[in-house]
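J.: Take a look and give me a structure for this.
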Amino acid sequence: MELMLLFTRNGLSIIRKGDAEQTMLEGAPKTLPEFIDAVREGDTKYVDCSAAFSIVRRKEENLIEGVEGGGAAIFEDETEGTDIVLTFC
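T.: I've put the predicted structure just below:
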């Protein structure tokens, strides 16, 4: 199964260098960076919503390695014809 994660608005902080280490996951068996690394090992595609950068004052060069820019256009292309799309707000 292929997995793509789209990060927009506040979700961009999860993939910003240094922020994942600051995020506490109370009661979780792993840290956020450990979860990110585990998911990355499964060839997960990370996509940022570059349109949200100006809203949340982020810059692409501050994101963790391996994040692809594009946002909604890539999301639409990747999800067209898929069986399952999960969104979290």
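J.: can you give me the strands for the chain?
T.: With DSSP state E as the criterion, the chain has strands at 4-7, 45-48, 67-69.
J.: most tightly surrounded among those?
T.: strand 45-48 (a mean of 20; mean count of other CB atoms under 10 Å). C-beta coordinates here come from the backbone N, C-alpha and C atoms, glycine included.
J.: which secondary structure elements does that one contact?
T.: Applying 3 or more CB pairs under 8 Å, 6 or more residues apart in numbering; DSSP states H and E, one finds that strand 45-48 contacts strand 4-7, strand 67-69, helix 72-79.
J.: thinking again about what came up before, export the strands of the chain to JSON lines and append columns for mean pLDDT.
T.: Formatted as JSON lines, those follow (pLDDT from 0 to 100):
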{"stretch": "strand 4-7", "mean pLDDT": "83"}
{"stretch": "strand 45-48", "mean pLDDT": "84"}
{"stretch": "strand 67-69", "mean pLDDT": "81"}
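J.: could I get these as a markdown table with distance to T87?
T.: Formatted as a markdown table, the strands of the chain follow (distance: least, CB to CB, whole Å):
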| stretch | distance to T87 |
| --- | --- |
| strand 4-7 | 9 |
| strand 45-48 | 13 |
| strand 67-69 | 18 |
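J.: So which of the ones you listed is nearest L86?
T.: When the strands of the chain are compared by CB to CB, strand 4-7 sits nearest L86, at 9.9 Å.
J.: partners of that closest one in the sheet?
T.: strand 45-48 (parallel) (DSSP bridges).
J.: got the buried residues for the least confident helix or strand in the chain by mean pLDDT?
T.: Ranked by mean pLDDT, DSSP states H and E, the helix or strand of the chain with the weakest confidence is helix 53-56, at a mean of 76. Judged by neighbour count using 16 or more other CB atoms under 10 Å, the buried positions of helix 53-56 are F53.
J.: How about stretch 62-79?
T.: Buried-residue list, stretch 62-79, by 16+ other CB under 10 Å: L63, I64, V67, G70, G71, I74, F75, E78.
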